[in-house]
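Participant: Sequence and predicted structure are below.
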Amino acid sequence: MIGARVEHKDEFFIAGFRETVKQGAGIGELWKKLTAHAEARGGVTMPEVHSMGVIVGMNASGEFDYMAGILVENLETAQALGLNALKVDGGEFAVTTVEGPVPMSTMAGVDHLMGTFLPASGFKPNGPVFEAYGPGDPSADDFQMQVWVPVKAA
């Protein structure tokens with residue numbers, strides 16, 4: 001973990017595929033599907049875009065919705081690419097930077113924000129967990145990404 005903080009983020013839009021997965025199974029396939037689709041439809045080269053994962057809730061059987069996506073300018077761009085769109089309102093987000101291979105680094109970031117940072121910060125979660133991927137190899141020991149959680153005052 002490379003620290004945690006609360007910072008303001010402006011409204012943003014994510015375009016991608018969203019499916020229900022069980023305990024993470026199927027997430028890799030969802031990213032492959034998005035990559036193939038985006039490159040074929042929009043001439044997008046995935047390493048050159050800002051990729052975003054979204055984790056939405058979890059039920060008692062360990063299933064949750066996951067969206068593999070890319071940042072886009074607006075909802076119309078998502079529609080033109082033939083992808084699901086998600087508008088994320090601007091606001092305050094708890095943010096931590098993590099290093100190491102995905103998904104272990106991602107899980108460590110979520111655990112840190114939810115279990116350590118937020119309880120001590122005076123904020124509570126106010127939406128889904130966002131995975132903000134940068135360039136590089138997500139399986140590398142030195143890969144860096146961020147975990148974002150929208151927050152509100154506790």
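Facilitator: Perfect, I can see it now. Predicted model, so just to flag it, every value in this text is computed and none were measured.
Participant: Okay, buried residues for the lengthiest helix in the chain please.
Facilitator: In the chain, ranked by residue count with DSSP state H as the criterion, the top helix is helix 27-42. Residues 27, 30-31, 34-35, 37-38, 42 are the ones in helix 27-42 that count as buried (16 or more other C-beta atoms under 10 Å). C-beta coordinates here come from the backbone N, C-alpha and C atoms, glycine included.
Participant: Could you do stretch 67-77 as well?
Facilitator: So stretch 67-77, judged by 16+ other C-beta under 10 Å, has buried residues 67-72, 77.
Participant: Next, count neighbours for the residue lying closest to F64 once chain neighbours are set aside.
Facilitator: Excluding its sequence neighbours, the residue lying closest to F64 (C-beta to C-beta, 6 or more residues apart in numbering) is M58, at 4.2 Å. M58 sits with 12 neighbouring residues when counted by other C-beta atoms under 10 Å.
Participant: Tell me who's in contact with K124.
Facilitator: Applying C-beta atoms under 8 Å, 6 or more residues apart in numbering to K124 gives the contacts 118, 151-154.
Participant: mind checking which helix or strand it is in?
Facilitator: Here K124 sits within strand 123-125, counting by DSSP states H and E.
Participant: who does that strand pair up with?
Facilitator: strand 144-153 (antiparallel) (DSSP bridges).
Participant: So for the partner strand, mean pLDDT?
Facilitator: If you average the pLDDT over strand 144-153, you get 95.
Participant: Can you list the neighbours in contact with it?
Facilitator: 2, 6, 9, 88, 91-99, 102, 105-106, 109-110, 113-114, 118, 121-134, 136, 138.
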